[in-house]
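[1] 3D model of this:
(one chain, ligands or ions: 1)
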Amino acid sequence: MNKQQIIDILNDNSKNQEIFALADKVRHENVGDSVHLRGLIEFSDICRCDCLYCGLRCSNKTADRYRINKDEIVSIARNAVSIGYKTIVLQSGEDLFYNTDTICEIIRKIKSMDVAVTLSIGEKTYDEYKAYKVVGADRYLLRIETTDVNLYKTMHPNVSFENRIKCLENLKSLGYEVGTGCLVGLPNQTVDSLADDILFFKALDADMVGIGPFIPHKQTPLKDSVSGSFDLALKVMALTRIKMPNINIPATTAMEVINPNGRIIALQSGANVVMPNVTPEIYRTKYEIYPGKNNICDELEQARLEIENKIKSIKRAVSQDYGNRRK
Ligand code: 5AD
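    Reported below is the predicted structural model:
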C-alpha cells in the first residue's frame, strides 16, 4: 500500500467492512487471539504543555490538579499486579516535580514485581530516557499526534516537532519498545496527512501504535470543534495493522468514549491490547484529557472482570505473558 492507495481507502467508505475484516485476519495470523491487558496508572495531571486539544493543558485553570506520591504509585501498581496485570503503564502530564531519581525508584520497585513497565511521561532528554532504561523500564509511549508539521505547530505551542521526532529516535536507539500514534479528526487535519501518519509509524518501525478519535474538551480552545469520526479512526487503525502485521495495537479508550462498544469493535478490526485504568477513582476523575473517559471503568477488580468477559465473549483469550511485540 503506497500513500495514494491509503488515501483512496480512507476516502472510500464502501469497503470499510472488508478492510476491518482483513485487519482482523492479519491480526489473527500474526499476533494470535490473545489480548494483552495493561494496567494504566495516571499518577499526575499536572502538565507544562499547552496542547490545544487536551484538558490537562496548563492554560486550563479549572482542572483539578493532583500528584500521587511515589509510595502510593507503587502500592497502586502492587494491587494491579496482584489481580493479574503483567504490564504497568505509568502515565502523567509533563510534570517536572518527579525528578529522574524518583521516576527510577518507582520503576525499580515495580520491576521487582516481575512485570513489564511502560512509561508515558512525555518529552525528556536522552540521559533521562537512558536512566529509566537502565533501571528496567521496558517500553515508552509517545504519540507523534500528527505528522502534519503545520498542524503540529498549531496544536502544540512552545514545543517543536523536531524534538518530538528526536525523542522517538532516542527511545528506539536505547532499546525501548516504542509506542507512538495519532489523533484522528483534529480540526484541519487532512486524509493526506493521516496517510503520512501511517507511513511514519512504518518508517519508525514502531512496536506499538495507539490511534484514537479527537474528542473536544470544554475547557480548551477546541471546545466547539466536532469529534473525530469513529469509522475513520478505526480505518486508520486497521490500515496500520495491515501495514504492520506483528505490532501491538491498543483498542483505545477514546474509541470506547465515542462508541459504546468501541473497544470490542477495535479488537475485531486489528487491535490486540486493552489498557484498563487502574488509577483509584479519587484521582482518575480529575485526569480528564477528554470528557467521558471516566464513565468507562469501575473499581479495579470489577473493571478487569468486565473487560475479561467481553474479550471471552468474542472468543478471544486474555494473555498470560508480558505481551512484548512478536518479532
Ligand atoms: N481527544 C482524544 N485524545 C486526546 N489526547 C489528548 N487529548 C485528547 C482529546 N481531546 C490523547 C493524546 C495523548 C494521549 C495520552 O491522549 O493523543 O497522546
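[2] can you give me the strands in this protein?
    With DSSP state E as the criterion, the chain has strands at 34-37, 39-44, 87-92, 116-120, 139-141, 177-184, 208-213, 273-274, 317-318.
[3] Including distance to residue 74, mean pLDDT and mean neighbour count, could those go into CSV?
    Placement of C-beta: from N, CA and C, glycine included. Shown next, in CSV, are those (distance: least, Cβ to Cβ, whole Å; pLDDT from 0 to 100; neighbours: other Cβ atoms under 10 Å):
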stretch, distance to residue 74, mean pLDDT, mean neighbour count
strand 34-37, 20, 98, 21
strand 39-44, 10, 97, 25
strand 87-92, 10, 98, 25
strand 116-120, 11, 98, 23
strand 139-141, 18, 98, 26
strand 177-184, 22, 98, 26
strand 208-213, 24, 98, 28
strand 273-274, 23, 98, 24
strand 317-318, 24, 96, 14
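[4] In JSON lines, list those strands along with distance to residue 294.
    Formatted as JSON lines, the strands of the chain follow (distance: least, Cβ to Cβ, whole Å):
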{"stretch": "strand 34-37", "distance to residue 294": "19"}
{"stretch": "strand 39-44", "distance to residue 294": "10"}
{"stretch": "strand 87-92", "distance to residue 294": "14"}
{"stretch": "strand 116-120", "distance to residue 294": "18"}
{"stretch": "strand 139-141", "distance to residue 294": "20"}
{"stretch": "strand 177-184", "distance to residue 294": "19"}
{"stretch": "strand 208-213", "distance to residue 294": "15"}
{"stretch": "strand 273-274", "distance to residue 294": "16"}
{"stretch": "strand 317-318", "distance to residue 294": "23"}
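[5] With residue 172 as the reference, measure out to residue 185.
    28 Å (Cβ to Cβ, to the nearest Å).
[6] and if you look at residue 157?
    27 Å.
[7] ok, those two, which is more surrounded?
    residue 172 (16 against 13; other Cβ atoms under 10 Å).
[8] The more buried one reaches residue 178, doesn't it?
    Yes. Using Cβ atoms under 8 Å, residue 172 is in contact with residue 178, at 5.4 Å.
[9] In the protein, where is pLDDT below threshold?
    296-298 (pLDDT under 70).
[10] As a check, name the ranges of all helices in this structure.
    Listed in chain order, the helices of the chain (DSSP state H) span 3-11, 16-31, 70-82, 100-111, 126-134, 149-155, 161-173, 191-204, 230-243, 253-258, 262-267, 281-284, 300-313.
[11] As a markdown table, the ones you listed with distance to the ligand would be great.
    Listed next are the helices of the chain as a markdown table, based on distance: least, Cβ to the nearest ligand atom, whole Å:
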| stretch | distance to the ligand |
| --- | --- |
| helix 3-11 | 19 |
| helix 16-31 | 21 |
| helix 70-82 | 18 |
| helix 100-111 | 17 |
| helix 126-134 | 17 |
| helix 149-155 | 10 |
| helix 161-173 | 11 |
| helix 191-204 | 12 |
| helix 230-243 | 10 |
| helix 253-258 | 5 |
| helix 262-267 | 12 |
| helix 281-284 | 14 |
| helix 300-313 | 19 |
